[in-house]
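[1] sequence below, structure please.
(one chain, ligands or ions: 2)
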Amino acid sequence: MSDYEKETSASTELAPPKSLDDMLPKPSRRGFLRGSGLTLSAAVGAAIPFASNLPEGFIPVALADTDMFDGKDGLTVLNDRPANAETPPHLLNDDITPTARHFIRNNGNPPENMSADGWKLTVDGLVDTPMELSIEDLKSKFEVVTQALAIECGGNGRGFFDPPAKGNQWTLGAVACSEWTGVRFADVLKAAGVKNNVIYTAHVGADTHLSGTPGKLALSRGVPIEKAMDPSNLIAFAQNGNALHPMNGAPLRLVIPGWPGSCSQKWLTRVWLRDIVHDGPKMTGTAYKVPNYPVEPGEKVDTKDFDIIHAMPVKSLITSPMTGAQTGDSSISVHGHAWAGDDLVEMVEVSIDFGATWTKADLAAPVNPYAWQNFDATLDLPEKGYYEIWARATSDKGVSQPHAINWNPKGYLNNTLHRVAVRRV
Ligand SMILES: Nc1nc2c(c(=O)[nH]1)N[C@H]1C(S)=C(S)[C@@H](COP(=O)(O)O)O[C@H]1N2
Ligand SMILES: [Mo]
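    Ligands and ions are numbered 1, 2, ... in the order given. Down below sits the predicted model:
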């Protein structure tokens, strides 16, 4: 057993749902549905001729956990238990991602209680002064700041892996750049007094493991203390000027931009400072890790040869035009965003001729560190026909996006160039 498991008596095994009933949404979460067939019809939007045969406690599959996606707009649902949904690129066209279009990535069951009243954040472990802070305490004791911060899931792009990698088949849209309001993670850590022997943080949230086993966590990750101390990291209680969306971690979450989204613990209840690399669920084995040497697609890699992912790689996304667009014009305007983990994007180039020639896009500086950078370009479409717009970002370290996937067994860090199909008619 790892130290983590000893401390929490939690196991990291992922148990499959026990029965069909177990896979259906829990009636308690949608109490209004318990009741007459008429209420069910209203919810389904149609008469239910066999309503009287529906076993007690069963909910029509058509309604499966749709409440999780309330307040979200146009997301592609990959899974509803746990809830996972990504945003089609053309719906990410805004420079600041509206909450309705911020993707959802859950590893377990969201907490039942997401009320800000009475929410407590514990900061403990190797600190001088362990603290228990309410959201009001955070607001009154620390400077409140607002920043646009990009979050990308480590598995974004996994759906393009060949041979495939297990896990959510994200395509392009497990990325967003909302405006987050909160206090600096570093300020809170400094107030607690980080002891000299601390090397890693450990983050705990109030969501529960899919198995429903009490005390068992779905995900608990951490970062090296040097990364934790970056002044851009926030303990956030607001997203785009409002309370956090329930599926984006209400009422309190970490935002650790530049690194895999999994470092940004949602429903945050505890930050624990440790003198070993944190070994919570999804920190061990091969989770959020890549081989530390180049591998062939499909190659088997020994678990000991995997390293924990740190910064995310340089990447760009074309958000306008949307793929499949048609135009009667002889030129087309291109808009998108680019980001580069802990680095800056120095250049974005676009191509209309399958990469034979490249044109430099106008690239804006980030509105603040770790916001994605917007780019614009205009490309000529010399005659009628099919074209592809390609985009390629280069970081200030001189690293560019590759054409081919840097394949790895778990399907992480796909930053190949984005291609959008357009037709001049
Ligand atoms: N408590 C908790 N925090 C979590 C997760 C989770 O399952 N539970 N998923 C992580 C992962 S893998 C990602 S990519 C981001 C996604 O944030 P979002 O759902 O707000 O887009 O949340 C991270 N924080
Ligand atoms: Mo993720």
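[2] report how many residues lie close to whichever residue of the stretch 101-250 of the chain sits closest to ligand 2.
    As assessed by C-beta to the ion, ligand 2 sits closest to C153 within the stretch 101-250 of the chain, at 3.3 Å. The C-beta positions use only the backbone N, C-alpha and C, and glycine is treated the same way. Neighbourhood size, C153 [other C-beta atoms under 10 Å]: 25.
[3] averaging pLDDT per element, find the lowest-scoring helix or strand in this protein.
    The least trusted helix or strand in the chain, going by mean pLDDT, DSSP states H and E, turns out to be helix 20-23, with a mean of 36.
[4] wait, the residue of the stretch 101-250 of the chain closest to ligand 2 sits on T171?
    No - the pair C153 / T171 is not scored as a contact, 11.3 Å apart, by C-beta atoms under 8 Å.
[5] and D230, how far from V345?
    Distance, D230 to V345, by C-beta to C-beta, to the nearest Å: 18 Å.
[6] of the two, who's got more company?
    V345 (23 against 18).
[7] for that one, give me the backbone phi and psi.
    phi -90, psi 130 (degrees, to the nearest 10).
[8] measure it to N374 for me?
    10 Å.
[9] mutual contacts of the two, please.
    L363 (C-beta atoms under 8 Å, 6 or more residues apart in numbering).
[10] ok so V350 is a strand residue?
    Yes - according to DSSP: H, G, I helix; E, B strand; the rest coil, V350 belongs to a strand.
[11] that one reaches H335, doesn't it?
    No - if you go by C-beta under 8 Å, V350 and H335 don't touch, sitting 10.5 Å apart.
[12] for W180, helix, strand, or coil?
    Strictly by three-state DSSP, W180 counts as strand.
[13] now it, nearest residue through space, not along the chain?
    Nearest non-adjacent residue to W180, counting by C-beta to C-beta, 6 or more residues apart in numbering: A236, 4.1 Å away.
[14] for A361, grab the count of nearby residues.
    Neighbours of A361 under the rule other C-beta under 10 Å: 25.
[15] for it, what are phi and psi?
    Dihedral angles for A361 - degrees, to the nearest 10 - are phi -80, psi 160.
[16] now do L91
    Backbone geometry at L91, expressed as degrees, to the nearest 10, gives phi -90, psi 0.
[17] so what's it up against?
    D73, G74, L75, R101, G173, T319.
[18] those residues into a markdown table, with extra columns for neighbour count, distance to S395 and pLDDT?
    Shown next, in a markdown table, are the contacts of L91 (neighbours: other C-beta atoms under 10 Å; distance: C-beta to C-beta, whole Å; pLDDT from 0 to 100):
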| residue | neighbour count | distance to S395 | pLDDT |
| --- | --- | --- | --- |
| D73 | 11 | 32 | 92 |
| G74 | 12 | 30 | 93 |
| L75 | 21 | 29 | 94 |
| R101 | 19 | 26 | 98 |
| G173 | 23 | 22 | 98 |
| T319 | 24 | 20 | 98 |
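[19] which helix or strand contains the closest residue to P291 other than its chain neighbours?
    Leaving out its chain neighbours, the residue that sits closest to P291 by C-beta to C-beta, 6+ apart is V301, at 4.5 Å. Using DSSP states H and E, V301 sits within no helix or strand.
[20] please apply the same query to A371.
    Using DSSP H and E, no helix or strand contains A371.
[21] which residues of the stretch 101-250 of the chain fall in helices?
    Here the stretch 101-250 of the chain has its helices, by DSSP state H, counting those that start in this stretch, at 135-141, 185-192, 225-228.
[22] make JSON lines from these and add mean pLDDT to it.
    Shown next, in JSON lines, are the helices of the stretch 101-250 of the chain (pLDDT from 0 to 100):
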{"stretch": "helix 135-141", "mean pLDDT": "98"}
{"stretch": "helix 185-192", "mean pLDDT": "98"}
{"stretch": "helix 225-228", "mean pLDDT": "98"}
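[23] which one of those helices is the most hemmed in?
    Of all those, helix 185-192 carries the top mean neighbour count, a mean of 19, counting by mean count of other C-beta atoms under 10 Å.
[24] ok, and what's touching that one?
    Counting by C-beta under 8 Å, 6+ apart, 123-124, 127-131, 133, 138, 141-143, 201, 228-231, 233-235, 254, 256, 271, 273 sit against helix 185-192.
[25] what's the PyMOL line that selects buried ones from the residues you listed?
    In PyMOL, this line selects whichever of the contacts of helix 185-192 come out buried by 16 or more other C-beta atoms under 10 Å:
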select buried, resi 123+127+131+133+138+142+201+228+229+230+233+234+235+254+256+271+273
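[26] strands - which of the contacts of helix 185-192 land there?
    V123, D124, M131, L133, T201, L234, I235, L254, V271, L273 (DSSP state E).
[27] tell me which two of the residues you listed sit farthest apart.
    D124 and L234 (20.0 Å; C-beta to C-beta).
[28] ok so, going back, show me the contacts for the nearest residue to the residue of the stretch 101-250 of the chain closest to ligand 2 once chain neighbours are set aside.
    Spatial nearest neighbour of C153, excluding adjacent residues (C-beta to C-beta, 6+ apart): A174 at 3.7 Å. Residues near A174 by C-beta under 8 Å, 6+ apart: E86, F103, R105, E152, C153, G155, N156, N168, G261.
[29] redo that, cut-off 6 Å
    By C-beta atoms under 6 Å, 6 or more residues apart in numbering, the contact set of A174 is E86, F103, C153, N156.
[30] likewise G154?
    Neighbours of G154 in contact, by C-beta under 6 Å, 6+ apart: P260, S262, Y288, I309, Y412.
[31] I'd guessed the residue of the stretch 101-250 of the chain closest to ligand 2 sits against G261; true?
    Yes - assessed by C-beta atoms under 6 Å, C153 is found in contact with G261 at 4.4 Å.
[32] how about the residues of the chain by ligand 1?
    Residues of the chain lying close to ligand 1 (C-beta under 6 Å from any ligand atom) are 102-108, 151, 153, 205, 207, 218-219, 248-249, 261-262, 264-267.
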